[in-house]
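Visitor: Provide a 3D model corresponding to the input given below.
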Amino acid sequence: MSATLQSLGNDRDTHVVEDICGYITATPPSSFFLFAGAGSGKTRTLVEVLRRVTGVVKHEAGSQYAERLRSRGQSVRVITYTKNATAVVNGRLGENYLTAVSTIHSFCWELIKDFTEDIRDALLARNAKKLEAAKAHAMSKVRGESDKDRQKYAEIEAKTEEIRNTNAFIYHPDRNTYGSGALSHAEVLEVTAWLIRERPTLQHILEDRHPLILIDESQDTMKGVLDALFELSKNRPGYITLGLLGDHRQRIYPDGHDDLPSHVPEDWARPALQMNHRSQQRIVEFINKIWDADIEGRTQPKTGVPQHPRTEKNGGTVRIFVGDSKKNAAEKIRKEADCALAMAAETASAAWQDGVRGYKTLALEHKLAAKRGNFFNAYYAMDLLDKDAAMPKSNGERTGPAMVRPLLGPMLELAECLQPDGSLNEFAATEVLRRHGALAKVPQASAERQATLDNIHAAVMRFADATSKPGATVQEVLAPVLEGELFEADLRLTQAYGDSSPPPPEPKVRGKEAKEDRRKRGWHALFNTPWREIARYRAYLGGEAELATHQVVKGSEFKHVMVVMDDEEAGGTQFSYDKLFSAEELSPTDRKNVDEGNETTIDRTLRLLYVTCSRAEESLALVLWAKNPNAALDAIKRSEWFSADEVTALK
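Guide: Numbers count the residues shown, from 1 in each chain. As a prediction, the model looks like this:
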């Protein structure tokens, strides 16, 4: 079989669509896990399968399956990870009444939103489990329960009472919700998983609506939801068919299973896409070596299918540059520019030349990206205000903390109405004001109307003057917007703006800080942030900046990529390139995790490296700032990932 596939060249995966259609339309149908690596055409495969089993494309078994769906008022459910992914699938699929495509959060809320009492039961069960775990943890300590433990019990019990007294629960899949009955994204997923397991009525509703559920990016899908669906399909064979699509080598969020393939039921079909249509041969060879590496501290298995490049993509460039992490940030940036020039000479591509900047820079963590992108003050403040929302979120939400509205939305749009000479494009500004409701409450009476319009115009001009001021702070730019009530603002923002009291000091012990103290420090940091950083931060959230992290570019591709690895500046604890490249010893915690078979720093970092490097199409430059450059260079030579002429020591 392997020899036959080898002779197929670019057509080695052409059978996969038909294979999957066979699993779905068989009697009884078979659930499956499609292994689809980087650039393998996963979305194309998904869409082609959907076209066949919903009767869009002529297919005998598919047409019969589509007719059964139609006669029963059913549809195929496709669950994606982000709104962008939903838009891509819908865009390629076109109008299709037998397919419903949505994010995991939308799917879950649609399923449970009308079951208020059941949601309450799930939340009470969740809280009871939390309380039990907290008490067990306290009793396991040598000194037993402490006042802090008892305070935690009281908080959980208070939450339980609040849940009992809630008349309605509110949630929005695309943004955070606040107030009485508001559910977080994580709560909705956990509640859905519990209800699928515990409520037969919901199980029947699900199978009556969607006999086939296809889950994209399944490696990052919350393990609780997946496990509940696994159990349902096992208990109701022939009624619910599941199809998982993804690549566990690209798992970047902690929600999913550590090793998804080991959790997929043994009787499932396991098709695989072996082609990489994105990258040149040298890059495909390199990412294959990354995943196949034997590295001290690795516990994740090497399961997966090696990829093959397209026959015409027989080139590609990979280089690694290694320098000392003790260099200051400015020197590192200069050296990275030199690395780009070296890539320009090697590839003869203008994209790497100075001033062109035709390559994408990917960083380890958000803190490093913020420093390199000159928006660290903005990121630091947002992180204090809402750590979860300060970075691109796992559900694809990239709007930043809700409490800073309108800072990251209409204010930036209004600032874009300023022309190079400092004057205001009043037509464009009026459109921004109208779009965001600033003109909705203008009185109809002529005298009052004119006075209100004059006040709005004065506030806009003060805003324009503030943004034009060199070194303007966020507080200075906010003043005319909040005082003139130009846009609707979050109550927390207006209250913080009116609070002139000094912030509390930074805690001496990391993590030992009250939520309100942390938030107050965040407001103080935000108001003192240079205004110019806000646009850079917003561009970063949206993936529009020159520099991004792996969360932002998941699923994206770029012709030329530079991966910057700098543990010192990243300041994180979950990843370590120094450990991956032997520039730092494994910690006792790392070794304990290895002994217990748990996921390790090495596992997470290896996947991160795989994700970032597999974004590149034509050329790839890796820049490693190591604590011990010589040790790193020795490890790189031993790894055989690179040839001798692909490794450069930065002096």
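
Visitor: which residues touch stretch 345-355?
Guide: Residues outside stretch 345-355 that contact it (CB atoms under 8 Å, 6 or more residues apart in numbering) are 317, 319, 337, 340-341, 343-344, 356, 358-359, 559-560, 618-619, 621. Yep, even glycine has a C-beta here, placed from its N, CA and C like the rest.

Visitor: mind redoing it with 6 Å?
Guide: Contacts with stretch 345-355, where a contact means CB atoms under 6 Å, 6 or more residues apart in numbering, come from Thr317, Ala340, Met343, Ala344, Val356, Gly358, Tyr359, His560, Ser619.

Visitor: buried subset of those residues, written for ChimeraX?
Guide: Buried residues among these (16 or more other CB atoms under 10 Å), as a ChimeraX selection:
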select :317,340,343,344,359,560,619
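
Visitor: and the contacts of stretch 345-355, which two are furthest apart?
Guide: Farthest pair in the contacts of stretch 345-355 (CB to CB) is Thr317 and Val356. Separation: 16.6 Å.

Visitor: top helix in the chain by residue count?
Guide: Longest helix of the chain, by residue count under DSSP state H: helix 116-140.

Visitor: can you confirm Ala242 is in a strand?
Guide: Small correction: residue 242 is Leu, not Ala. Yes - counting by DSSP: H, G, I helix; E, B strand; the rest coil, Leu242 is located in a strand.

Visitor: bridged to it, which residues?
Guide: Ile213 (DSSP bridges).

Visitor: was I right about it contacting Ser30?
Guide: No - at 9.9 Å, Leu242 does not count as touching Ser30 under the criterion of CB atoms under 6 Å.

Visitor: between the two, which one's more packed in?
Guide: Neighbours of Leu242 and Ser30, each counted by other CB atoms under 10 Å, are more numerous for Leu242; the result is 23 against 17.

Visitor: give the contact list for that one.
Guide: Applying CB under 6 Å, 6+ apart, we find Leu242 in contact with Ser31, Ile213, Leu229, Ser233.

Visitor: got it, and Ala635?
Guide: Applying CB under 6 Å, 6+ apart, the residues contacting Ala635 are Phe581, Ser582.

Visitor: for it, helix, strand, or coil?
Guide: Three-state call for Ala635 (three-state DSSP): helix.

Visitor: got a pLDDT number for it?
Guide: If you check Ala635, the pLDDT there is 94.

Visitor: with adjacent residues omitted, what lies nearest to Ala438?
Guide: Leu486 (5.3 Å; CB to CB, 6 or more residues apart in numbering).

Visitor: look up phi and psi at the one you found.
Guide: Dihedral pair for Leu486: phi -70, psi -50, per degrees, to the nearest 10.

Visitor: what's the local residue count around the nearest residue to Ala193 once chain neighbours are set aside?
Guide: Nearest non-adjacent residue to Ala193, counting by CB to CB, 6+ apart: Gly224, 3.7 Å away. By the criterion of other CB under 10 Å, Gly224 has 18 neighbours.

Visitor: and the average pLDDT for the host helix or strand of Gly224 is what?
Guide: Secondary structure assignment for Gly224, by DSSP states H and E: helix 223-235. Average pLDDT, helix 223-235: 92.

Visitor: stretch 123-136 too?
Guide: Across stretch 123-136, pLDDT averages out at 90.

Visitor: check stretch 160-174 too.
Guide: 90.

Visitor: need the contact partners of that stretch.
Guide: Outside stretch 160-174, the residues touching it (CB under 6 Å, 6+ apart) are His105, Ser106, Trp109, Ile119, Leu123, Leu124, Asn127, Thr177, Gly181, Ala182, Leu183, Val188.

Visitor: related to what we said a few turns ago, against Leu124, how distant is the residue nearest to Ala193?
Guide: 17 Å (CB to CB, to the nearest Å).

Visitor: then Thr473?
Guide: Distance from Thr473 to Leu124, by CB to CB: 46 Å.

Visitor: quick check: pLDDT value at Glu599.
Guide: 91.

Visitor: with Met1 instead?
Guide: Reported pLDDT at Met1 in the predicted model: 39.

Visitor: looking at the chain, which strand is longest?
Guide: For the chain, the longest strand by residue count, based on DSSP state E, is strand 616-626.

Visitor: okay, now the unreliable bits of the stretch 301-450 of the chain?
Guide: Filtered on pLDDT under 70, the stretch 301-450 of the chain yields the residue ranges 364, 392-398.

Visitor: where along it do the helices fall?
Guide: 329-347, 366-372, 376-385, 410-415, 426-435, 446-468 (DSSP state H, counting those that start in this stretch).

Visitor: what's the closest non-adjacent residue to Cys108?
Guide: Using CB to CB, 6+ apart and skipping the chain neighbours, the partner closest in space to Cys108 is Thr192 (3.9 Å).

Visitor: what's the angle from whichever strand or helix holds that neighbour to helix 223-235?
Guide: Here Thr192 sits within helix 185-198, counting by DSSP H and E. Angle of helix 185-198 versus helix 223-235, following axes from the mean of the first three to the mean of the last three CA atoms, to 10 degrees, is 20 degrees.

Visitor: so what does helix 185-198 touch, helix or strand wise?
Guide: helix 104-112, helix 116-140, helix 223-235 (3 or more CB pairs under 6 Å, 6 or more residues apart in numbering; DSSP states H and E).

Visitor: how many residues are close by Gln300?
Guide: 20.

Visitor: what does it show for phi and psi?
Guide: Residue torsions, per degrees, to the nearest 10, at Gln300 are phi -70, psi 140.

Visitor: mind starting the numbering at 3 from now?
Guide: All set: I'll call the first residue 3, so the last point we hit is now Gln302.

Visitor: my guess is it meets Asp605, correct?
Guide: Yes - between Gln302 and Asp605 there is a contact at 4.5 Å, judged by CB under 6 Å.

Visitor: remind me which residues of the stretch 553-653 of the chain are low pLDDT?
Guide: 553-557, 574.

Visitor: now with 80?
Guide: For the stretch 553-653 of the chain, applying pLDDT under 80 flags the ranges 553-557, 572-576.

Visitor: now do the strands in it.
Guide: Counting by DSSP state E, counting those that start in this stretch, the stretch 553-653 of the chain has strands at residues 560-568, 618-628, 649-651.

Visitor: please work out which of the ones you listed is packed deepest.
Guide: The highest average neighbour count among those, using mean count of other CB atoms under 10 Å, belongs to strand 618-628 at a mean of 25.

Visitor: now the angle from that strand to strand 560-568?
Guide: Using the same axes, to 10 degrees, strand 618-628 lies at 10 degrees relative to strand 560-568.

Visitor: helices or strands next to strand 618-628 in the packing?
Guide: On a contact count with 3+ CB pairs under 6 Å, 6+ apart, strand 618-628 meets strand 319-326, helix 331-349, strand 560-568.

Visitor: tell me the contacts of Tyr180?
Guide: Taking CB under 6 Å, 6+ apart, one finds nothing in contact with Tyr180.

Visitor: measure it to Pro239 for me?
Guide: For Tyr180, the distance to Pro239 equals 42 Å [CB to CB].

Visitor: redo the strands of the stretch 553-653 of the chain as TSV? Include distance to Gln66.
Guide: Listed next are those as TSV, based on distance: least, CB to CB, whole Å:
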stretch	distance to Gln66
strand 560-568	43
strand 618-628	40
strand 649-651	58
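
Visitor: how's the chain carved up into domains?
Guide: 4-113+190-278, 116-172, 283-375+548-651, 382-542 (automatic domain parsing).

Visitor: circling back: nearest to Ser42, out of the strands of the stretch 553-653 of the chain?
Guide: For these, the distance to Ser42 is smallest for strand 618-628, at 13.9 Å, taking CB to CB.

Visitor: how big is the angle separating that closest one from helix 331-349?
Guide: Using the same axes, to 10 degrees: strand 618-628 against helix 331-349 is 140 degrees.

Visitor: strand 618-628 pairs with which strands, parallel or anti?
Guide: When pairing is defined by DSSP bridges, strand 618-628 lines up against strand 319-326 (parallel), strand 560-568 (parallel).
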